[in-house]
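1. Take a look and give me a structure for this.
(chains A, B, C and D)
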2 protein chains.
Amino acid sequence: MMARAGLTPERLTRAGAELADEVGFDHVTASALARRFDVKVASLYSHVRNSEDLRTRIALLALEELADRASEAVAGRAGKDALSALANVYRDYAREHPGRYTAAQLRLDPQTAAASAGVRHARMTRAILRGYDLAEPDQTHAVRLLGSVFHGYVTLEMGGGFSHSAPDTQETWTRTLDALDALLRNWPAA
Amino acid sequence: MMARAGLTPERLTRAGAELADEVGFDHVTASALARRFDVKVASLYSHVRNSEDLRTRIALLALEELADRASEAVAGRAGKDALSALANVYRDYAREHPGRYTAAQLRLDPQTAAASAGVRHARMTRAILRGYDLAEPDQTHAVRLLGSVFHGYVTLEMGGGFSHSAPDTQETWTRTLDALDALLRNWPAA
DNA sequence: GTCACTTGCCTAAAGCCTTTAGGTGAATGT
DNA sequence: ACATTCACCTAAAGGCTTTAGGCAAGTGAC
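-> This is a model prediction of the structure:
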């Protein structure tokens, strides 16, 4: 008699992502998700291996969404223009979807990580460096530095790390991008 | 008859920090801690308000330890020397005490945050900028940038974000510090 | 159309974690 | 001795996870 709820791994993942944005990634629980579908908890386990599997799927979804946005942003841009566009993708995504952004930070096992959209991210960061004059291995160092700054800034800002102090964070962000651009144009020799 | 275990908030916090380093901060649970003291779980609740309180105390401990190390590291140093010393404190601490480092990232409520050693960290970062020629508001921007890089790099490295690729992370770290030093000496005008 | 099969959700149950309430025995002080 | 306090205990309730087994609605074969 019960009408079917129409559960699928995909719908669970999507709903889990929404839930993450609403209540925070680490409050995403099988129970909460079941409640949202008005279904008993055990029913989820036909579609998702376990709680960890669910979290991983959400992380992978977030990585893909981010990579999609990023690849659209850098298309047709170069130099500082591309740098800013990519950086803003991360920041904006984290603001719009804090739960998903947190999910994207989930530690994946090497297998899964290699198959994830994470590699697209690395490729795109490398791509924007084409506008600057960096040979290997400095290019790799720069990729890592950019990744660190983007991720570090976004998480600190998201966590309220800059919240109390004076110059507003938008200005710092702009100046940070100026600084990174200057640094890349003027990368110090080893 | 039972011999007393000698529980105190301090001992619980310290043991919790050790546990965090062993099994990861988010596996630090009141139950696990009670097991470690060979005591019933409920007994902890006389010394610690709840699970959240315990985690917060561990976070505060980690922040203090980090600030102590940092202040010792920057004492008597200036310029790039100070910059490297401070940066290495964060990286080394994260490597030695991954659980504590994660704990230090815990979002604290404004009250607690203001009373924490977090403010010492901000002051120290600002202190090493005395070796460079930066006026406000650029100094604040630079403080935030350095915080972002340190935190971002350390978490990415800790999470295995750089693990697979070619130049080893030590070299990237060295070159990152070179790059930051160059940037601070040559901060772009607004 | 009916029979077997699959699919999707259910109930039941066990295990672990958190938290509160109330109790007991050992140490402390008068 | 006696009352008090302190440190830890037992008991119990509630939440989340996960597995096992059941039933009913759709699907395909004859």
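
2. list the buried ones in the helix or strand of chain A with the lowest mean pLDDT?
-> Using mean pLDDT, DSSP states H and E, helix A:110-115 stands out as the lowest-scoring helix or strand of chain A, at a mean of 92. For helix A:110-115, burial by neighbour count (16 or more other Cβ atoms under 10 Å in any protein chain shown) applies to A:Ala113. Backbone N, C-alpha and C define where each C-beta goes, glycine included.

3. Same check on stretch A:119-132?
-> A:Arg120, A:His121, A:Ala122, A:Met124, A:Thr125, A:Ala127, A:Ile128, A:Leu129, A:Gly131, A:Tyr132.

4. ok, now stretch A:79-88?
-> Buried residues in stretch A:79-88 (16+ other Cβ under 10 Å): A:Lys80, A:Ala82, A:Leu83, A:Ser84, A:Ala85, A:Leu86, A:Ala87, A:Asn88.

5. That one near chain B at all?
-> No: residues of stretch A:79-88 contacting chain B under Cβ under 8 Å from any Cβ of the partner chain: none, with a closest distance of 11.1 Å.

6. So for that stretch, mean pLDDT?
-> Throughout stretch A:79-88, pLDDT has a mean value of 97.

7. So what touches it?
-> A:70, A:73-74, A:77, A:124-125, A:127-128, A:131-132, A:146, A:150, A:173, A:177, A:180-181, A:184 (Cβ atoms under 8 Å, 6 or more residues apart in numbering or on different chains).

8. swap the cut-off to 10 Å and go again
-> A:69-77, A:121, A:124-125, A:127-132, A:146, A:149-150, A:153-154, A:173-174, A:176-178, A:180-182, A:184-185 (Cβ atoms under 10 Å, 6 or more residues apart in numbering or on different chains).

9. now the lengthiest helix in chain A: how far from the chain's centre is it?
-> Longest helix in chain A, counting residues (DSSP state H): helix A:51-74. Remark: helix A:51-74 is offset 7 Å from the chain centroid, using Cα atoms, centre = their mean, to the nearest Å.

10. and that helix, which residues are buried?
-> Result for helix A:51-74 [16+ other Cβ under 10 Å]: buried residues A:54-63, A:65-67, A:69-71, A:73-74.

11. After that helix, which helix or strand is next? Please name it.
-> helix A:79-96 (DSSP states H and E).

12. Just the CA atoms of the next helix or strand after that next one, as PDB, please.
-> Remark: after helix A:79-96, the chain's next helix or strand is helix A:98-104, criterion DSSP H and E. Extracted in PDB, the C-alpha atoms of helix A:98-104 (Å, rounded to 0.1, in the frame of the first residue of the first chain):
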ATOM      1  CA  PRO A  98      29.100  25.800   3.000                       C
ATOM      2  CA  GLY A  99      28.100  22.200   3.700                       C
ATOM      3  CA  ARG A 100      29.000  21.000   0.300                       C
ATOM      4  CA  TYR A 101      32.300  22.900   0.500                       C
ATOM      5  CA  THR A 102      33.100  21.200   3.700                       C
ATOM      6  CA  ALA A 103      32.200  17.900   2.100                       C
ATOM      7  CA  ALA A 104      34.600  18.600  -0.700                       C
END
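
13. on contacts alone, who are the packing partners of helix A:98-104?
-> Where contact means 3 or more Cβ pairs under 10 Å, 6 or more residues apart in numbering or on different chains; DSSP states H and E, helix A:98-104 is packed against helix A:9-23, helix A:51-74, helix A:79-96, helix A:138-158.

14. Ok, which of the ones you listed comes nearest DNA strand C?
-> helix A:9-23 (9.4 Å; Cβ to the nearest atom of the strand).

15. check whether the closest one contacts chain B.
-> No: figure legend: helix A:9-23 not in contact with chain B (Cβ under 10 Å from any Cβ of the partner chain); closest approach 14.1 Å.

16. Can you tell me what sits against that helix?
-> A:5, A:7-8, A:25-30, A:32-37, A:44, A:46-49, A:53-62, A:65, A:96-103.

17. Identify the residue nearest the closest residue to chain B within chain A in space, chain neighbours excluded?
-> Nearest to chain B, among the residues of chain A, is A:Gly152, at 2.3 Å (Cβ to the nearest Cβ). Closest residue to A:Gly152 apart from its sequence neighbours, by Cβ to Cβ, 6 or more residues apart in numbering or on different chains: B:Gly152 at 2.3 Å.

18. neighbours around the one you found, how many?
-> 24 (other Cβ atoms under 10 Å in any protein chain shown).

19. Would you mind naming what in chain A lies close to DNA strand D?
-> By the rule Cβ under 7 Å from any atom of the strand, the part of chain A lying against DNA strand D is A:Met1, A:Thr29, A:Ala30, A:Ser31, A:Ala32, A:Val41, A:Ala42, A:Tyr45, A:Asn50, A:Ser51, A:Glu52.

20. ok, how many other residues are close to the second one?
-> The number of residues packed around A:Thr29, counting by other Cβ under 10 Å, is 16.

21. Spatially, which two of the residues of chain A next to DNA strand D are the most separated?
-> A:Met1 and A:Glu52 (33.4 Å; Cβ to Cβ).

22. Excluding residues flanking it in the chain, which one is nearest A:Arg130?
-> A:Ala78 (7.2 Å).

23. Kindly report the same for A:Pro167.
-> A:Pro167's closest residue in space is B:Pro137 (Cβ to Cβ, 6+ apart), at 4.3 Å.

24. these two touch, right, the one you found and B:Ala190?
-> Yes: the pair B:Pro137 / B:Ala190 is scored as a contact, 8.9 Å apart, by Cβ atoms under 10 Å.

25. Need the residues touching each of those two.
-> A:Glu171, A:Arg175.

26. okay, these two: which has more neighbours?
-> Neighbours per residue (other Cβ under 10 Å) separate B:Pro137 from B:Ala190, with B:Pro137 holding more: 15 against 10.

27. Model confidence score at the more buried one, please.
-> 93.

28. how near is it to A:Arg95?
-> Look at B:Pro137 and A:Arg95: by Cβ to Cβ, to the nearest Å, they are 22 Å apart.
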